[in-house]
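Undergrad: need coordinates for the below:
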Amino acid sequence: MVGAITVVGNTITDTTRIIRSFEVVPGTRYSEDAVRRGMRKLFALGVFEDVWVDKDLQGDTMNLVIHVAERRRISRIEFTGQRKKSEDDLKKKLFLHVGESYSPVQTRSQVDTLLKLYRDDGYAQAAIDAVTDTTVGPGQLALRFVIREGEKVRIERITFEGISAFNEARLRKNMKTHQKGFFGGGEVKEEDLMQDKEKLETWYHDHGYRDMRVAGHELLPGSEPRRLILHVKIEEGRPYFIGNVRWEGNKVIGPADLAKVPQPKSGDLYDASKIDRARGEAFGSYAEHGYLYVQIEPQESLRDSLVDITFHITEGDPSNVRYVVISGNKATREKVIRREIDIHEGDRFRRSALMRTRDDIMRLGIFEDVAIDFGPTETSDVDVLLKVKEKQVGTASAGAGYTSATGVTGFVELGHNNVLGNGQSLQLHLERGATSNNYFLSFTEPWFHDTPTLLGISAFNTATNQDLYREKRVGGSVRIGRPLPWPDYSRGSITYRLEGVTLDSLGTLSDANRLALTGTKWGEQATTSSMEFDFLRNTTDNPMYPKRGTRLALSSELAGGPFLGNVNFQKQRVEGRLYMPSILRGITTMMRARAGWLGEFGFSSLQPVPEYERFRLGGGSTIDPLRGYDDYMVVPEKFIQRVRTPILGIVIDSLGVARSDTLGYTNSTVRYPGGRFFTSYTVEQQFPIVNPLHGVFFFDAGNTWDLFSEIKPFDLKMGAGIGFRLEIPLLGNIGFDYGYGFNRDDHPKAVGHFLLGNVNF
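TA: As a prediction, the model looks like this:
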């Protein structure tokens with residue numbers, strides 16, 4: 001039996017801790033294996049250099065004496081030899097601390113960490129030694145890192161050995177490490193060199209050389225001490241071609257369907273990426289049929305220069321959806337998410353339904369991300385786990401500004417796209433200034449009475465100075481919409497709008513010579529009663545920054561006629577967008593086309609169409625933008641005119657009486673009215689910069705025409721430039737575009753446009 005246990009040699013480590021860690025208890029049966037395990041556990045504490053046990057047998061009792069040799073404690077850590085790095089920079093990389101037990105292994109790891117700091121900064125020849133000083137006191141030592149930084153080096157040239165199939169320039173393009181150039185490059189990083197090995201081998205394997213491998217690399221002296229040559233040794237092997245391609249074990253999906261899967265073809269050059277792609281596409285096909293646990297293993301066999309490929313399939317059992325679990329929604333009610341789900345509990349799993357669910361949830365515009373995962377069950381069924389990440393959708397801003405055109409303007413704006421977590425939208429905008437007063441309130445319920453019926457109401461009161469008159473609008477609208485059974489991803493809506501429009505003269509035009517703006521006199525209200533019919537089909541994957549999908553919007557507004565009011569017109573609009581990956585990785589191409597036409601409607605075609613309803617292009621935040629041009633600048637050329645505007649002031653006559661009088665006249669350019677027809681086109685290259693900042697390169701082209709006979713589809717005003725987009729909590733989506741107008745009628749120049757909201761994003 002185990003008798004007394006004593007500890008010898010410890011000066012810092014507590015005896016009780018040692019005996020407890022030893023885990024051999026007095027009074028239990030003695031075992032050599034238990035003693036050896038106890039010694040290993042004491043070594044594992046990391047505080048002893050050596051441990052041994054003496055045994056003293058007294059009759060049927062074994063007394064144990066544990067001898068320990070404690071490691072020295074680190075009393076201080078210092079650095080010598082550093083010139084390019086400060087001591088504070090080096091200390092930030094320390095994971096060893098004063099007071100810890102000294103460990104040669106941990107110290108070696110610390111040296112590697114410090115070396116990586118230097119080598120990531122281009123000091124590939126840096127060397128560091130760890131030196132200990134045991135004279136500082138009993139049981140202690142000082143740890144000093146002696147640093148030899150060397151010169152900061154760059155790779156001036158990359159050479160290859162053993163290549164014949166491809167030239168060196170082509171191989172360098174596939175490496176993360178680059179030669180030093182005029183704009184930098186040439187850094188020496190071990191991580192990049194390891195990645196280059198994988199990238200080169202992958203590239204060769206995708207271009208016929210199945211057996212190629214990188215045998216190694218070395219850094220050689222360059223043309224001067226600060227320059228190196230990276231020399232890569234390659235064993236290419238021989239090129240191979242695809243032989244026979246077969247699928248075995250498939251029962252659920254027939255040979256004809258598997259033949260449609262993109263795959264290597266007999267006679268093609270061997271390409272490992274095509275084999276992986278075929279395997280992935282087959283997984284997707286099986287997932288669409290509910291088979292999540294299918295196994296597909298490609299087996300390759302060689303026949304001289306041919307590689308026969310056999311895809312062995314083990315189908316397993318199909319999977320049904322047991323539960324759909326939603327998490328991450330803190331401010332959003334679960335029903336708002338669940339009503340967008342296209343994959344339901346008890347259904348056979350379908351990959352397309354899951355992808356549709358993710359896209360539909362993202363299109364709500366209130367989530368940054370929707371992550372999909374699966375939870376295993378005791379059977380082949382699965383739990384679908386949807387983890388959403390909410391974003392700040394509320395906006396609250398206020399401010400003031402001054403421009404020569406509008407004077408002093410102040411505004412308050414409040415908005416929320418997820419009111420009380422119900423997915424409802426509320427917007428309030430109050431703006432007051434010297435030349436404009438705008439008040440707007442709207443509310444939208446996307447699921448009225450828990451049905452997919454959209455109901456929206458709005459009210460507005462605006463007053464804005466135009467070129468020739470002051471326009472006042474007071475009114476409101478009611479909108480109702482529903483998803484359409486066909487085509488998929490589409491919905492239709494009907495909006496009734498009632499507004500009163502009043503135009504007041506600014507002194508430029510009189511009743512006699514003005515442009516028959518509405519058929520009413522100055523100050524007389526024109527009532528517009530209209531119905532608008534909208535169609536929208538949206539398959540994009542993100543409301544703010546789509547990477548794929550299409551968006552088609554059709555709008556038809558009918559005013560007057562059977563809808564009463566004293567204003568008659570019909571206005572048609574169409575817009576189409578296409579989002580797809582660019583030829584450059586990480587960039588999305590967006591192409592957009594817009595068109596519109598305006599005409600008479602109702603029982604009386606003799607009543608003129610209101611001039612203020614015509615199309616005027618220009619600006620970045622207007623309803624019909626054309627960047628590189630001022631707001632509402634692009635109108636039919638025949639409507640661009642020079643107008644003499646009186647300069648009013650106060651004069652004092654000979655009797656000392658002050659009165660208002662005309663002090664003179666100034667000439668200004670008036671671009672009014674707009675056209676009855678317009679078209680515009682946009683091509684954008686959209687790319688992320690640093691989250692949440694995105695950038696765009698854009699090209700716009702468009703024009704307006706008054707009569708159908710005057711339309712010249714290739715006579716377009718063009719502009720191009722660069723822009724930025726940003727989502728800011730509480731402020732919403734903002735952007736800035738800087739565009740150059742090539743065909744301005746004044747003179748070509750660049751102008752900036754501030755953007756607010758998602759309309760033109």
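Undergrad: hey, let's count contacts and neighbours off CA atoms from now on
TA: Fine.
Undergrad: how much space between Ser101 and Thr15?
TA: Distance of Ser101 to Thr15, given as CA to CA, to the nearest Å: 17 Å.
Undergrad: for Glu288, same thing?
TA: 64 Å.
Undergrad: what of Val47?
TA: Taking CA to CA, one finds Val47 at 13 Å from Thr15.
Undergrad: compare neighbour counts for these two and give me the winner.
TA: Val47 (20 against 15; other CA atoms under 10 Å).
Undergrad: correct me, but that one touches Ser101?
TA: Yes: applying CA atoms under 8 Å, one finds Val47 in contact with Ser101, separated by 5.7 Å.
Undergrad: now list whatever residues contact both of these two.
TA: Common neighbours of Val47 and Ser101, using CA atoms under 8 Å, 6 or more residues apart in numbering, are Arg71.
Undergrad: any buried residues in the host helix or strand of Asp308, and which?
TA: Per DSSP states H and E, Asp308 falls inside strand 306-314. Buried positions in strand 306-314, judged by neighbour count with 16 or more other CA atoms under 10 Å: Leu306, Val307, Asp308, Ile309, Thr310, Phe311, His312, Ile313.
Undergrad: show the subsequent helix or strand relative to it.
TA: Later in the chain than strand 306-314, the nearest helix or strand by DSSP H and E is strand 321-327.
Undergrad: give me the sheet partners of that following strand and which way each runs.
TA: Partners of strand 321-327 in the sheet, by DSSP bridges, are strand 382-390 (parallel).
Undergrad: so which bits of the strand it pairs with are buried?
TA: For strand 382-390, by 16+ other CA under 10 Å, it's Val382, Asp383, Val384, Leu385, Leu386, Lys387, Val388, Glu390.
Undergrad: could you do stretch 628-639 as well?
TA: Applying 16+ other CA under 10 Å to stretch 628-639 flags Gly628, Tyr629, Asp630, Asp631, Tyr632, Met633, Val634, Val635, Pro636 as buried.
Undergrad: contacting residues around it?
TA: Stretch 628-639 is contacted from outside by 615-620, 622, 625, 670-675, 703-706, 718-721, 738-742, 744, 749-752, using CA under 8 Å, 6+ apart.
Undergrad: on that earlier part again, so can I have JSON lines of the buried residues of stretch 628-639 showing pLDDT, distance to Glu218 and secondary structure?
TA: What follows is these, written out as JSON lines (pLDDT from 0 to 100; distance: CA to CA, whole Å; DSSP: H, G, I helix; E, B strand; the rest coil):
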{"residue": "Gly628", "pLDDT": "96", "distance to Glu218": "53", "secondary structure": "coil"}
{"residue": "Tyr629", "pLDDT": "96", "distance to Glu218": "57", "secondary structure": "coil"}
{"residue": "Asp630", "pLDDT": "92", "distance to Glu218": "59", "secondary structure": "coil"}
{"residue": "Asp631", "pLDDT": "89", "distance to Glu218": "61", "secondary structure": "coil"}
{"residue": "Tyr632", "pLDDT": "90", "distance to Glu218": "64", "secondary structure": "coil"}
{"residue": "Met633", "pLDDT": "93", "distance to Glu218": "63", "secondary structure": "coil"}
{"residue": "Val634", "pLDDT": "96", "distance to Glu218": "63", "secondary structure": "strand"}
{"residue": "Val635", "pLDDT": "95", "distance to Glu218": "67", "secondary structure": "coil"}
{"residue": "Pro636", "pLDDT": "95", "distance to Glu218": "69", "secondary structure": "coil"}
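Undergrad: so which of those is the closest to Ser493?
TA: The closest of those to Ser493 turns out to be Tyr632 (CA to CA; 28.4 Å).
Undergrad: about what we covered before: what is the strand holding Asp308 packed up against?
TA: When contacts are defined as 3 or more CA pairs under 8 Å, 6 or more residues apart in numbering; DSSP states H and E, strand 306-314 sits against strand 241-248, strand 295-303.
Undergrad: recalculate using a threshold of 10 Å.
TA: strand 241-248, helix 272-288, strand 295-303 (3 or more CA pairs under 10 Å, 6 or more residues apart in numbering; DSSP states H and E).
Undergrad: how about the ones you listed in a markdown table, adding mean neighbour count?
TA: Output for the helices and strands packed on strand 306-314, formatted as a markdown table (neighbours: other CA atoms under 10 Å):
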| stretch | mean neighbour count |
| --- | --- |
| strand 241-248 | 18 |
| helix 272-288 | 18 |
| strand 295-303 | 14 |
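Undergrad: nearest to Ser493, of the ones you listed?
TA: Closest to Ser493 of the helices and strands packed on strand 306-314 is helix 272-288 (CA to CA; 32.8 Å).
Undergrad: between strand 306-314 and that closest one, find me the angle.
TA: Relative orientation of helix 272-288 and strand 306-314, computed by axes from the mean of the first three to the mean of the last three CA atoms, to 10 degrees: 20 degrees.
Undergrad: and the angle from helix 272-288 to strand 295-303?
TA: 150 degrees.
Undergrad: any idea of the mean pLDDT for helix 272-288?
TA: Helix 272-288 shows a mean pLDDT of 95 in the predicted model.
Undergrad: could you do stretch 66-77 as well?
TA: 90.
Undergrad: can you list the buried residues in that stretch?
TA: By neighbour count with 16+ other CA under 10 Å, stretch 66-77 contains the buried residues Ile66, His67, Val68, Glu70, Arg71, Arg72, Arg73, Ile74, Ser75, Ile77.
Undergrad: got it, and stretch 79-94?
TA: Phe79, Leu90.
Undergrad: for the residue of the chain most remote from its centre, what are its contacts?
TA: Here the chain reaches farthest from its C-alpha mean at Gly59, the gap being 77.8 Å by CA atoms, centre = their mean. By CA atoms under 10 Å, 6 or more residues apart in numbering, Gly59 lies in contact with Met1.
Undergrad: isn't Lys265 up against Leu306?
TA: No: at 11.9 Å, Lys265 does not count as touching Leu306 under the criterion of CA atoms under 10 Å.
Undergrad: shared neighbours of these two, which are they?
TA: Taking CA under 10 Å, 6+ apart as the criterion, Lys265 and Leu306 both touch Phe241, Ile242, Gly243, Asn244.
Undergrad: how close does the first one get to Lys176?
TA: This points to Phe241. Applying CA to CA, the value for Phe241 to Lys176 is 28 Å.
Undergrad: and for the last one?
TA: Asn244 is 35 Å from Lys176, where distance means CA to CA.
Undergrad: again with Phe48
TA: Phe48 sits 45 Å away from Lys176, going by CA to CA.
Undergrad: next one: Leu584
TA: Separation of Leu584 from Lys176 (CA to CA): 17 Å.
Undergrad: which one's more surrounded, these two?
TA: The residue with more neighbours, out of Leu584 and Lys176, is Lys176; 17 against 10, by other CA under 10 Å.
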